[in-house]
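A.B. asks: coordinates only, sequence not included:
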């Protein structure tokens, strides 16, 4: 079961997939400095997980 997803500062591009909202087992994640577009409603959402994402 996936509990933490750390994708920060990895030169990713694009939007956060809406399907991530279905990952109810996640306790934490970090998408900082990567992505653009809308942010899906995620469990345990913290604004610090999205720092540095231009266009979010």
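C.D. replies: Structure's in. What do you need? Note that this is a predicted model, so its numbers are computed, not measured.
A.B. asks: Kindly state the pLDDT recorded for the residue positioned nearest the centre of the chain?
C.D. replies: Note on the chain: the residue nearest the mean C-alpha position is residue 31, at 4.1 Å, using C-alpha atoms, centre = their mean. Here the pLDDT value assigned to residue 31 is 84.
A.B. asks: Report the separation between it and residue 54.
C.D. replies: Noted for residue 31: a distance of 12 Å to residue 54, by C-beta to C-beta, to the nearest Å. Any C-beta I mention is one placed from the backbone N, CA and C, and that applies to glycine too.
A.B. asks: about what we covered before: wait, the residue nearest to the centre of the chain sits on residue 48?
C.D. replies: No: Residue 31 is beyond contact range of residue 48, at 10.5 Å (criterion: C-beta atoms under 8 Å).
A.B. asks: where do the strands sit along the chain?
C.D. replies: Assigned by DSSP state E, the chain shows strands spanning 4-6, 28-30.
A.B. asks: winner for burial among the ones you listed?
C.D. replies: Burial of the strands of the chain is given as mean neighbour count (mean count of other C-beta atoms under 10 Å); strand 28-30 ranks first at a mean of 17.
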